[in-house]
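Engineer: any chance you can model this:
(2 chains)
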Amino acid sequence: MRAREPDVAATVTSGDGVRIAYETFGSGDPTLVLLPSAPIIHSRQWKGQVPCLSRSWRVVTFDGRGNGNSDRPTEPEAYHDDRMVGDLEAVLDASGTHQAVLVGLCFDGVWRSIRFAAANPGRVLGIVAFSVGVPFLTPSQPGYVTGGATFDDELAEYQGWAKMNRYHWRQDYADWSQFFFSEIASEPHSTKLIEDAVGWALDGSVDAMLADHDADFPYDRAAVEAMCRSVTCPMLLVHGSEDTCQPIARAHILADLTGAPLVVVDGADHLIPGRHPVLANLLIRDFVRSLPEGLPA
Amino acid sequence: MGTVRAPERPVVRPHEQSRARYPDRTDTVERDDGWIAWEAYGSGDPPIVFVPPWQIVHSRVWKAQIPDFARRHHVIAFDNRGNGRSDRPVDPATHTTLARAENLAAVMDAAGAPSAVLVGLSSASGPMIVFAAQHPERVLGLVFVCPATPFGEPNPGRDVPFEDLLPDDDGWRKENIHSWRRNFRGYLEFFFSEAFPEPHSTKQHEDAVGYGLDTDAESLAATLRAPPTVDLDTVSGMCARIGAPTLVIQGTDERISHVTQASGLARAIPHARLVLIEGGGHIVNTRDPVRVNLLIRDFIQTIKASGNARART
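Structural biologist: Reported below is the predicted structural model:
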């Protein structure tokens, strides 16, 4: 059951033939596009935002490839960075969205927003970046380093971050999901958020997750930094002081690279829009209200 | 205006969380041997009095109702003697049902509410029924949330001798003065685990344990030792004479009292309406606040509509 049902639910075929499901809510200007953290979860991650924001603005969400109502390709090429950015463009075009404010969480939301804005400055009115997930700006969190080191090894047992493992995912993806979301939603009173997120993860596909993991990432740190610097639209960065997924130092560095203001949420872990929906919605609201009337067409 | 006095026994109160809405008035009603702390918020008719349940909690148990209703109503909340900002009497006679009904009247007098809608949780039902019988003209409506009443089955697990020295603290055997003296917090954690069987209740549980820690074993024991003042026949007769519109809200997964205590009350009061919350526990007003607030809101709308209809005829 949803607090707000979509006005439009449709699919668009992306450049490589993958069907991407998107939904639109409400009608106010400007349009806000809430990017998915795919393929691990899908567009319901924004359930705390859509009913509120769509009362004032048109809101577009979509399921990233590999989860939700979108296709689940299983080859790594399908999860190349360019493909993911292409899906965003396809959804904007199909939904008749010339310009939008992009709202994203972590790598899949924030980095893809930056990439799209860098390539299409005329289409992005602003970016709200939660839990700033820009790769390479700092080393990854220790858990990812630990898990990454043995990702391809078949182990006798899978404890802690060693659960981030190709064989364990195939063997017990639910166990990984429960572990992962418990780790990155470590604040007290997060049981509902964790339960929801695990459910969205289990809606997805282990094959898609592995293909996404195995996809090439075509940029080095210098290229990432150059991409960030090239973004010209207004940005707001929001990061939890206790983020266990994305190091907060990445948010500080992105703030330096872009000049964007950074709101540090004291005590918050990674999933701020889910765990602190009122705060997240007010930050988005104030950011949208602060934007100039629109870009020259 | 009452004066705020230092309690005879020093009370070190836990640090209070920030509130969504702060009271417009905070005051006390003096009693012969102590005081009752009350708060008032907002304005608008009809006034709503949130009647406190057992002293294992205090008036913050209404934190999800007060900010909502204070936007449209004069809202009054108070702490029973024994918790919150009220005193900590250890004389059981302080805590009889009749005394609690008198306290309710005194708070309404002090807060300037000649009549009101009364909303009570759990054992608030006793003083609410007595008050409605004694002062029918002051009761515009009654909302019983998960009422503890003599009209249904008891909770079988809670049949534990309170004063006896027991061999262990298992389950409800924690509801025992010796267990409380050993580990009061342990009892509170158990009690509220039973009170909140719903998943995702960690915040409500944490809050409620905090309310419990605001009192102490001896103060709370005095409430259980209060002598009975209203027998079953008397309370049945009082209920049968209630003319005010009445709503009973009850969770189906009740583990503190018993579901039949609510359905029995709804049968005992003429025209009472019973609403069951599927899967709800004992403190549904904190666990399902939107649902409960909408039920109360709609109930008050009905009262106002029928009042207007009467006024026109």
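
Engineer: next, the buried residues of the lengthiest helix in chain B.
Structural biologist: Assignment by DSSP state H gives helix B:289-312 as the longest helix of chain B. Within helix B:289-312, the residues that count as buried by 16 or more other CB atoms under 10 Å in any protein chain shown are B:289, B:292, B:293, B:295, B:296, B:299, B:300, B:303. Placement of C-beta: from N, CA and C, glycine included.

Engineer: would you point out which residue is most central in chain A?
Structural biologist: For chain A, the residue nearest the mean C-alpha position is residue A:109 (2.9 Å; CA atoms, centre = their mean).

Engineer: quick one: buried residues of the helix or strand bottoming out on mean pLDDT in chain A?
Structural biologist: Ranked by mean pLDDT, DSSP states H and E, the weakest helix or strand in chain A is helix A:142-149, scoring a mean of 95. Under the neighbour-count criterion of 16+ other CB under 10 Å, helix A:142-149 has A:143, A:144, A:147 buried.

Engineer: cool, stretch B:109-128 as well?
Structural biologist: B:110-111, B:113, B:115-128.

Engineer: likewise stretch B:87-101?
Structural biologist: Residues of stretch B:87-101 classed as buried by neighbour count (16+ other CB under 10 Å): B:87, B:88, B:89, B:90, B:94, B:95, B:96, B:97, B:98, B:99, B:100, B:101.

Engineer: from the middle of its chain, how far away would that stretch be?
Structural biologist: With CA atoms, centre = their mean, to the nearest Å as the basis, stretch B:87-101 stands 14 Å off its chain's centre.

Engineer: what mean pLDDT does that stretch have?
Structural biologist: Average pLDDT, stretch B:87-101: 97.

Engineer: quick check: next helix or strand after the strand or helix carrying residue B:206?
Structural biologist: Element membership of residue B:206, judged by DSSP states H and E, is helix B:202-213. Where DSSP H and E defines the elements, the next helix or strand beyond helix B:202-213 is helix B:217-224.

Engineer: show me what that next one is packed up against.
Structural biologist: helix B:177-195 (3 or more CB pairs under 8 Å, 6 or more residues apart in numbering or on different chains; DSSP states H and E).

Engineer: thinking again about what came up before, include distance to residue B:204 when you put the buried residues of helix A:142-149 into JSON lines, please.
Structural biologist: JSON lines is the format used below for those (distance: CB to CB, whole Å):
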{"residue": "A:143", "distance to residue B:204": "31"}
{"residue": "A:144", "distance to residue B:204": "34"}
{"residue": "A:147", "distance to residue B:204": "34"}
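
Engineer: which one among those residues gets closest to residue A:16?
Structural biologist: Nearest to residue A:16 among these, counting by CB to CB, is residue A:144 at 28.1 Å.

Engineer: OK, contacts around that closest one?
Structural biologist: Residue A:144 is in contact with A:161, A:164, counting by CB atoms under 8 Å, 6 or more residues apart in numbering or on different chains.

Engineer: low-confidence ranges in the chain?
Structural biologist: I'll assume chain A. Applying pLDDT under 70 to chain A picks out residues A:294-297.

Engineer: I was after chain B.
Structural biologist: For chain B (pLDDT under 70), the answer is B:1-14, B:308-313.

Engineer: quick one: the strands in it?
Structural biologist: Using DSSP state E, the strands assigned to chain B run over residues B:25-31, B:34-41, B:48-51, B:75-78, B:116-121, B:139-145, B:246-251, B:273-277.

Engineer: on that earlier part again, check whether the helix holding residue B:206 comes near chain A.
Structural biologist: Yes: Helix B:202-213 is in contact with chain A by CB under 8 Å from any CB of the partner chain, via B:202, B:203, B:206.

Engineer: mind listing what's buried in the longest helix seen in chain A?
Structural biologist: Longest helix in chain A, counting residues (DSSP H): helix A:166-184. Neighbour-count burial for helix A:166-184, counted by 16+ other CB under 10 Å, picks out A:166, A:168, A:169, A:173, A:176, A:177, A:178, A:179, A:180, A:181, A:183, A:184.

Engineer: and the third one, how far is that from residue A:162?
Structural biologist: Put plainly, it is residue A:169. Distance, residue A:169 to residue A:162, using CB to CB, to the nearest Å: 12 Å.

Engineer: for the longest helix of chain B, packing partners?
Structural biologist: Going by 3+ CB pairs under 8 Å, 6+ apart, helix B:289-312 lies up against helix B:66-69, strand B:116-121, strand B:139-145, strand B:246-251, strand B:273-277, helix B:284-287.

Engineer: contacts for that helix?
Structural biologist: By CB under 8 Å, 6+ apart, the residues outside helix B:289-312 that reach it are B:46, B:48, B:64-65, B:68-69, B:73, B:117, B:119, B:140-141, B:143, B:145, B:245, B:247, B:249, B:275, B:277, B:284-285.

Engineer: mind exporting it as CSV, just the C-alpha atoms?
Structural biologist: Extracted C-alpha coordinates of helix B:289-312, given in CSV (Å, rounded to 0.1, in the frame of the first residue of the first chain):
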residue,chain,number,x,y,z
PRO,B,289,-0.7,7.8,16.4
VAL,B,290,-2.1,8.8,13.0
ARG,B,291,-4.8,6.2,13.0
VAL,B,292,-5.8,6.9,16.6
ASN,B,293,-5.7,10.6,16.1
LEU,B,294,-8.0,10.4,13.1
LEU,B,295,-10.4,8.2,15.0
ILE,B,296,-10.5,10.7,17.8
ARG,B,297,-10.8,13.6,15.3
ASP,B,298,-13.7,12.0,13.5
PHE,B,299,-15.4,11.1,16.9
ILE,B,300,-15.2,14.8,18.0
GLN,B,301,-16.5,15.9,14.6
THR,B,302,-19.5,13.6,15.2
ILE,B,303,-20.1,15.1,18.6
LYS,B,304,-19.9,18.6,17.3
ALA,B,305,-22.3,17.8,14.4
SER,B,306,-24.9,16.3,16.7
GLY,B,307,-24.5,19.2,19.1
ASN,B,308,-25.1,21.6,16.3
ALA,B,309,-28.1,19.6,15.2
ARG,B,310,-29.5,19.8,18.7
ALA,B,311,-28.9,23.5,18.9
ARG,B,312,-30.9,24.1,15.7
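
Engineer: tell me the angle that helix makes with strand B:139-145.
Structural biologist: If you take axes from the mean of the first three to the mean of the last three CA atoms, to 10 degrees, helix B:289-312 sits at 160 degrees to strand B:139-145.

Engineer: I'd like the distance from helix B:289-312 to the chain centre, please.
Structural biologist: For helix B:289-312, the distance to the chain centre is 21 Å (CA atoms, centre = their mean).

Engineer: check stretch A:123-142 too.
Structural biologist: With CA atoms, centre = their mean, you get 9 Å for stretch A:123-142.

Engineer: residues contacting the residue positioned nearest the centre of chain B?
Structural biologist: Residue closest to the average C-alpha location in chain B (CA atoms, centre = their mean): residue B:53, at 2.3 Å. Contacts for residue B:53 (CB under 8 Å, 6+ apart) come out as B:61, B:80, B:120, B:121, B:122, B:123, B:124, B:148.
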